[in-house]
Every structure is written in structure tokens, then in C-alpha cells.
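Asks: Sequence plus the predicted model coming up.
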Amino acid sequence: MTKNPLESLADYSRFAAELSDRPLVESSTISVWSASPYTGVAEGEIFFRQGFRLRMREELDFGNGLITSYGYEAYRGEERLWWYDDFPHPHDPSLASTFPHHKHVPPEIRRNRIPAPEISFVRPNLKFVVRELEEIIEKERY
């Protein structure tokens, strides 16, 4: 798909559905619905082999082709591995390079944040986040 899927509800629904058709994905509950003629919400979970899952929520602006808000959380069973969010932390200079995008990582996952250069409001993030989790699963397989 070369067209930006953030431009319409139908395109983004197709984009999200295609993520279920990956070798390590067992199932998905991601739903995309319209909140108004130009906005939408994508929300749900992708379940992977070996007990991994990705929980996600995005608020979408189809009129401007943007993600206006998001959260992505990766789990192994009930253990939260990491998460991305767009909550601004303007007083943390280590996050300035990708403000407001950042990733929470262990140890002390709640307070340990790193820049997230691959995350954006202007392009889909899900493929990157899914691939990141797939890499963890692949490493554990060997």
C-alpha cells in the first residue's frame, strides 16, 4: 500500500487488518471506527505466539492524515515490557529530539523514558511497533 492509510477510514481499516496476516500473529481484536466524518479511533490488541501481545489505541484525523494521540503497550503474559506514548515531558531534555514521542523501558519502566525516533503523528506507527515486538519474539525462539 503506497497511499497513506491515515487519509481515510477504509484505508486505515485495511492497513490494520493486514497486520493480522503475519507469521507470528495469532489473532487481533483491532477495530477502527469513525467518530465523525473526518476522525476515527483504532483500538484493540494483537496476540502473538509465545504469549506476547500488543495493546494499542490511536485517535485519527483522516481530514489531515494524522494520528492525534496514541498509546502502544507490549506484554509477555501479564508483564508489561515497554510502552510508547505521546504525553509531553517538556522538562526532560533527554526527550527533546523526538518530543513528545517517547518510549518507557525497564528498569523502573514508569520513569525510565527514551526518545522514540520511529514514532510519528504523520505516518502509521503500527507496522514499526509490531515489527519491534516480532524481533523480541524471534530472539526468544533461538
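Replies: That came through, no problem. The structure displayed is predicted, hence computed values, not measured ones.
Asks: For this structure, which segments count as helices?
Replies: Using DSSP state H, the helices of the chain run over residues 9-18, 126-141.
Asks: export those helices to JSON lines and tack on distance to residue 50?
Replies: Any C-beta I mention is one placed from the backbone N, CA and C, and that applies to glycine too. Below are the helices of the chain laid out as JSON lines (distance: least, Cβ to Cβ, whole Å):
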{"stretch": "helix 9-18", "distance to residue 50": "22"}
{"stretch": "helix 126-141", "distance to residue 50": "6"}
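Asks: any chance of these in TSV, with distance to residue 66, mean pLDDT and mean neighbour count too?
Replies: Formatted as TSV, the helices of the chain follow (distance: least, Cβ to Cβ, whole Å; pLDDT from 0 to 100; neighbours: other Cβ atoms under 10 Å):
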stretch	distance to residue 66	mean pLDDT	mean neighbour count
helix 9-18	11	95	17
helix 126-141	14	93	16
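Asks: what residues are up against residue 81?
Replies: 74-75, 106, 136 (Cβ atoms under 8 Å, 6 or more residues apart in numbering).
Asks: wait, isn't residue 141 in contact with residue 24?
Replies: No. Applying Cβ atoms under 8 Å as the test, residue 141 and residue 24 come out as separate, 9.1 Å apart.
Asks: Now tell me what touches stretch 93-103 from outside.
Replies: For stretch 93-103, the external contacting residues (Cβ under 8 Å, 6+ apart) are 82-90, 113-117, 119-120.
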